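Using only what follows, build the 3D model:
(chains A, B, C and D, ligands or ions: 4)
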Number of protein chains: 2
Amino acid sequence: MKRDPRNILQQYKLKNTPVRVSVLEVLLGSRVALSHNDITERLKGKDIDKVTLYRTLNSFTEKGLTHKVPTEDRNWLYAIFDEDLLRPATDHYHAHFVCNKCDKIYCLPVEEHQSMQNSSIKMGFKVLSSEVRLHGLCPVCQ
Amino acid sequence: MKRDPRNILQQYKLKNTPVRVSVLEVLLGSRVALSHNDITERLKGKDIDKVTLYRTLNSFTEKGLTHKVPTEDRNWLYAIFDEDLLRPATDHYHAHFVCNKCDKIYCLPVEEHQSMQNSSIKMGFKVLSSEVRLHGLCPVCQ
DNA sequence: ACTGATCTTGCAACTCAGTTGCATATTCTG
DNA sequence: CAGAATATGCAACTGAGTTGCAAGATCAGT
Ligand SMILES: [Mn+2]
Ligand SMILES: [Mn+2]
Ligand SMILES: [Zn+2]
Ligand SMILES: [Zn+2]
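Ligands and ions are numbered 1, 2, ... in the order given. A predicted model of the protein is given here:
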């Protein structure tokens, strides 16, 4: 019940519409971050307008339900922020794993950012948030 | 002599042309990563073709002289990889600091990626390289 | 349930970074 | 001073994402 799309939308103050439910189901069902294109393919038959999909994803992101990750080839991937939908996007240190072979991007939980931040602070930067991006081979591809 | 643009081009097996020398001079003179647009502005008067500039930057990057960093608004910034031009792009752990106020991206030296990598390996990922992206306020803006 | 303010959807036209093809000019090795 | 290999310039193109606007759906208050 907690993870029902309609409840989640309500919880994130997003109006409950068929498009949003479908898109959210796709995102909930994916282990990796998905592009606009990926989502469109997984919703073949539903024939959702491309602009509507962009706006849906932006709404999700603005409300903190999803976050977006830039790819190497200058577009965006979207993912549910937290598997348990517990922590909001803003106060969560974040890591992404980019597979060199299949190009999939995985969201990883990471706790140990402290040392990195401390050394930056020493250099005169004030760190408010951070993202770690690891490249290599995912469990499927190695 | 070591940091003369012409020598650097030769060292990176890039043909010595006026365009390349100008672009390299701009990159060497900047503390922050620069966009295609930034470089064009700094080369007003030289009237370099936009396609040529893209191709120049790509050549630099392919040869490991520069690297490119994706921005939040889906375009690229380019920077000389290493201040001392000592280490090639591929075996260098990398950090970027994105200023929330001025949007500048700084390249930072970072040594402490080990703990992060170790925890990823435990989860079944094979880490080959990493980028850390820190957000906050740069020394100029705070 | 009905109304109405508010938000969402769909379509067309647009923007803008980056690419591709091709003809001409330049580099640099022998 | 060749001549092959590479760089440059221009025009046309690509494709992700945006904007404006009119029509449709949602949902809180009655
Ligand atoms: Mn993520
Ligand atoms: Mn850098
Ligand atoms: Zn993979
Ligand atoms: Zn700043």
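
is DNA strand C contacted by stretch A:55-71?
Yes - interface with DNA strand C: stretch A:55-71 contributes A:55-56, A:59 (CB under 7 Å from any atom of the strand). Where you see a C-beta, it was placed from the backbone N, CA and C, and this is true even at glycine.

Just the CA trace of that stretch, in CSV.
Output in CSV follows, covering the C-alpha atoms of stretch A:55-71 (Å, rounded to 0.1, in the frame of the first residue of the first chain):
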residue,chain,number,x,y,z
ARG,A,55,6.7,17.8,-18.1
THR,A,56,5.8,14.7,-16.0
LEU,A,57,9.4,13.9,-15.4
ASN,A,58,10.2,17.5,-14.5
SER,A,59,7.3,17.6,-12.1
PHE,A,60,8.4,14.5,-10.4
THR,A,61,11.9,15.9,-10.1
GLU,A,62,10.7,19.3,-8.7
LYS,A,63,8.8,17.5,-6.1
GLY,A,64,11.7,15.3,-5.1
LEU,A,65,10.1,12.1,-6.2
THR,A,66,12.8,11.4,-8.8
HIS,A,67,16.2,12.9,-9.7
LYS,A,68,17.9,13.3,-13.0
VAL,A,69,21.4,12.3,-14.0
PRO,A,70,23.3,13.7,-17.0
THR,A,71,24.7,11.1,-19.4
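
got the buried residues for that stretch?
By neighbour count with 16 or more other CB atoms under 10 Å in any protein chain shown, stretch A:55-71 contains the buried residues A:56-57, A:59-61, A:64-71.

still on that earlier bit, restricted to helices, list the residues of stretch A:55-71 next to DNA strand C.
With helices identified by DSSP state H, the entries of these that belong to them are A:55-56, A:59.

so which of the residues you listed would you say is closest to ligand 4?
Nearest to ligand 4 among these: A:S59, at 29.1 Å, using CB to the ion.

Give me the domain ranges for chain A.
With automatic domain parsing serving as the domain definition, the record reports that chain A contains domains spanning A:1-84, A:93-142.

looking at those domains, which is closest to DNA strand D?
Ranking the domains of chain A by distance to DNA strand D, with CB to the nearest atom of the strand as the measure, places domain A:1-84 first at 3.3 Å.

Can you show me the strands along chain A?
Applying DSSP state E to chain A gives strands spanning A:34-35, A:66-70, A:76-80, A:94-99, A:105-109, A:126-137.

and the first one, anywhere near DNA strand D?
Yep, that's strand A:34-35 we're talking about. Yes - interface with DNA strand D: strand A:34-35 contributes A:S35 (CB under 7 Å from any atom of the strand).

rewinding a little: out of the domains of chain A, which gets the lowest mean score?
Mean pLDDT values for those show the minimum at domain A:93-142, a mean of 72.
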